[in-house]
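Undergrad: sequence first, then the predicted structure:
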Amino acid sequence: MDERRREFLEELLATATPSGYETPGQRVWVEYVEEFADEVRVDDYGNAVAVHEGGADTAFALAGHGDEIGFIVREVTDDGFLRIGRVGGSDKTVSQGQHVRVHTADGPVAGVIGQTAVHLRDSDEDGTTDIEEQYVDVGADDEETAAELVEVGDPVTFVQQVHDLAGGRLTARGMDNRIGTWAAAEGLRRAAERDADATVYAVSTVQEEVGLKGAQMVGFDLAPDAVIATDVTHATDSPGVPSGKSTGVELGAGPVVARGSANHPALVTATREVADGEGIDVQLQASGSRTGTDADVFYTARGGIPSLNVGLPNRYMHTPVEVVDTADLDALASLLGAVAAAADDYAPFGVDL
């Protein structure tokens, strides 16, 4: 990954975008794709679409979601603490004892999610406290002081930085799904460099973590001939993963092509053939009922859009220390760009009866 690509990724990771509050991250994404897209447009909820205009009739989309999990201020207490609620699938087991930022109209406010010291807890109090019973301490002594700093409805995210680990691995908050929006943008850039015959869309959707809402809007409006939704998927190669949950997906072994349910078989075949021709290693993942990604709503939009979920292996999903392999990420972008560049050769993406 060259310096400009790494800079873009780090800027995405550094920008807080909990569901419903994606504007700052969407702005980062739009500013990047404007460098090479023929057109960029944004809808009323902030879904962003960048376009490479091809000469063929085929329209092919590469999509990732721009939002992340987090918290929201739901109450300011009399003694100046903030009661919080979930935004998306936030994990109550990793939230206490963490530094956070409350994102207000006047700028970020520092805080911590409190955790009673181990010395003061009874032995039977070592269970995990529900998010609704956790609180943010911003240093205020009373409700009036706290209310001067924050408002009910302000989003809250963990304070985390990007760190390089050994072996080309990278850790940060919000890999889910900055890697998807990064790869969609990079896939578009690489398809444009190949002068793709198809019209190629790169899409950064909003509100995936609260029900795939942005993809429902974009799928209806854009109606491409096919779409690849890219997101993180569980790498199950670390200690502690229950044996019954293992999928064989590993960091460093390449992007993951899902099969089953929403994943259109013609698009699966096309992606695997392109990967083979490009020398890109891919892993396979079974998806018998649903993918849990934007592909689940893209594929039923407008009477049916051939869709595929291609994932990036990710350890410790929905925690502040998600870990990915940068070689996997670069391979994902290369795969998306190559499939988009070859899309017109494979269209139309119907089943053969």
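TA: Arrived safely, thanks for sending. Numbers count the residues shown, from 1 in each chain.
Undergrad: going forward, measure contacts and count neighbours with C-alpha atoms only.
TA: Noted.
Undergrad: show me how far stretch 209-226 is from its chain's centre.
TA: Chain-centre distance of stretch 209-226: 15 Å, with Cα atoms, centre = their mean, to the nearest Å.
Undergrad: who touches that stretch?
TA: Outside stretch 209-226, the residues that touch it by Cα atoms under 8 Å, 6 or more residues apart in numbering are 19, 45, 47, 58-61, 67-69, 87-89, 205-208, 267, 293-294, 297-298, 301-302, 305-307, 347-349.
Undergrad: where do the helices sit along the stretch 101-250 of the chain?
TA: Taking DSSP state H, counting those that start in this stretch as the test, the helices found in the stretch 101-250 of the chain are 143-149, 175-193, 213-222.
Undergrad: hey, which of those is tucked in deepest?
TA: Among these, helix 175-193 has the highest mean neighbour count (mean count of other Cα atoms under 10 Å), at a mean of 27.
Undergrad: tell me what it is packed against?
TA: Counting contacts by 3 or more Cα pairs under 8 Å, 6 or more residues apart in numbering; DSSP states H and E, helix 175-193 packs against helix 3-14, helix 23-33, strand 48-52, strand 59-65, strand 199-205, strand 226-234, strand 322-325, helix 326-346.
Undergrad: let me see the residues that make contact with stretch 341-353.
TA: Applying Cα under 8 Å, 6+ apart, the external contacts of stretch 341-353 come out as 56, 58, 60, 191-192, 194-198, 225-226, 265-267, 270, 274, 306.
Undergrad: same thing with stretch 316-324?
TA: 69, 89-91, 94, 158, 160, 169-176, 234, 251, 312-315.
Undergrad: mean confidence for it?
TA: Per-residue pLDDT over stretch 316-324 has a mean of 96.
Undergrad: give the buried residues for it.
TA: Using 16 or more other Cα atoms under 10 Å as the test for burial, stretch 316-324 gives 316-324.
Undergrad: equivalent analysis for stretch 339-353, please.
TA: Neighbour counts over stretch 339-353 (16+ other Cα under 10 Å) mark 339-344, 347, 349 as buried.
Undergrad: what is the end-to-end distance of that stretch?
TA: In stretch 339-353, first residue to last residue: 24 Å (Cα to Cα, to the nearest Å).
Undergrad: how about stretch 289-307?
TA: Per Cα to Cα, stretch 289-307 runs 14 Å from first to last residue.
Undergrad: sounds good, over and out.
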